[in-house]
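J.: Kindly generate the corresponding structure for this input.
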Amino acid sequence: MSALPPHALSAAGQLRLVIFDCDGVLIDSELPSCCLVAREARARGIELSDEDALERFAGKALGQVKRELEAETGCDLGADYVQIMQDKLVDLMRDEAATIDGSETMLTGVQALGVPFRVGSNSSWPEMEVKFARVGFTRFFPRERIHSARDMMRPKPDPYVFLHAAEQEGVEPNQCVVIEDSDTGVQAAHDAGMACILFRPEGPAPALDWPGLERITHLDALVPRLARALQEQAR
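T.: Next up, the predicted model:
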């Protein structure tokens, strides 16, 4: 069996692309999004607290949320549930999207390192557009560098959105590092054959573990980690 190629954070590897998740890494939208899911569930007679919605559905695509709620309750949420919720999320994020603490400084630092970066998210493109416009991140992410797993109909944990981002950049999966906060995103990075930095200030790490998986508890730690990888690889 041939050895796996070195991953993008290793001294023997090549770091050529950073792929950011959006919600929970760049944009603080998980709580309002999950609260919206809970409110809409309660309006349909399903008992779901805001806290339970956040714990259960953070990082999950709306289609998966629908399937889980219907399987658990036997309630038919309707064929148009996902589109209705998507439209409500776009309106919500236009008014309520906020940045994750340290994300703007972090993006400026990654830009200064000269490493290209893209976004690969379960959010739709219209949703990311209003989020980035509200917080001023459009300057970091022109449209061609934003990739929506929802619009591709292949939401995480399917690795397709990450593999597509790498293909568009013209790099190999093992030359990419994914920045994620959700277990589904970590699974997608693993299955894409990419290194992954889990940004999670508190709580347990996912069960997955591999040499290219690391964890940080604040975004301030990301640029120094990437800089160290680049320095080691340049020797």
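J.: which stretches of the protein form helices?
T.: In the chain, the segments counted as helices under DSSP state H are 30-43, 50-57, 62-73, 81-96, 103-113, 125-135, 160-169, 183-192, 222-234.
J.: Output the contacting helices and strands for the fifth one.
T.: Think helix 103-113. Applying 3 or more C-beta pairs under 8 Å, 6 or more residues apart in numbering; DSSP states H and E, one finds that helix 103-113 contacts strand 117-121, helix 222-234. (Each C-beta comes from the backbone N, C-alpha and C, glycine too.)
J.: Minimum distance to residue 89: which of these has it?
T.: Closest of the helices and strands packed on helix 103-113 to residue 89 is strand 117-121, at 12.2 Å (criterion: C-beta to C-beta).
J.: could you say what helices and strands that closest one packs with?
T.: Against strand 117-121 (3+ C-beta pairs under 8 Å, 6+ apart) you get strand 17-20, helix 103-113, strand 146-148, helix 160-169.
J.: Of those, which is nearest residue 79?
T.: strand 146-148 (20.9 Å).
J.: what are the pairing partners of that closest one, and which direction each?
T.: Paired with strand 146-148 in the same sheet, following DSSP bridges, are strand 117-121 (parallel).
J.: how distant is the partner strand from the center of its chain?
T.: 8 Å (C-alpha atoms, centre = their mean, to the nearest Å).
J.: Ok, stretch 64-79 next?
T.: 24 Å.
J.: which residues are in contact with it?
T.: Residues from elsewhere that reach stretch 64-79, judged by C-beta atoms under 8 Å, 6 or more residues apart in numbering: 37, 41, 44-46, 48, 56-57, 60, 81-82, 84-85, 155.
J.: circling back: closest to residue 189 out of the helices and strands packed on helix 103-113?
T.: Between residue 189 and the helices and strands packed on helix 103-113, the shortest gap by C-beta to C-beta is with strand 117-121, which sits at 9.3 Å.
J.: mind giving me the domain ranges of the protein?
T.: Following automatic domain parsing, one finds the domains of the chain at 17-28+98-234, 30-96.
J.: Need the winner for burial among these.
T.: domain 17-28+98-234 (a mean of 19; mean count of other C-beta atoms under 10 Å).
J.: what distance separates the start and the end of that domain?
T.: Distance across domain 17-28+98-234, first residue to last, is 16 Å (C-alpha to C-alpha, to the nearest Å).
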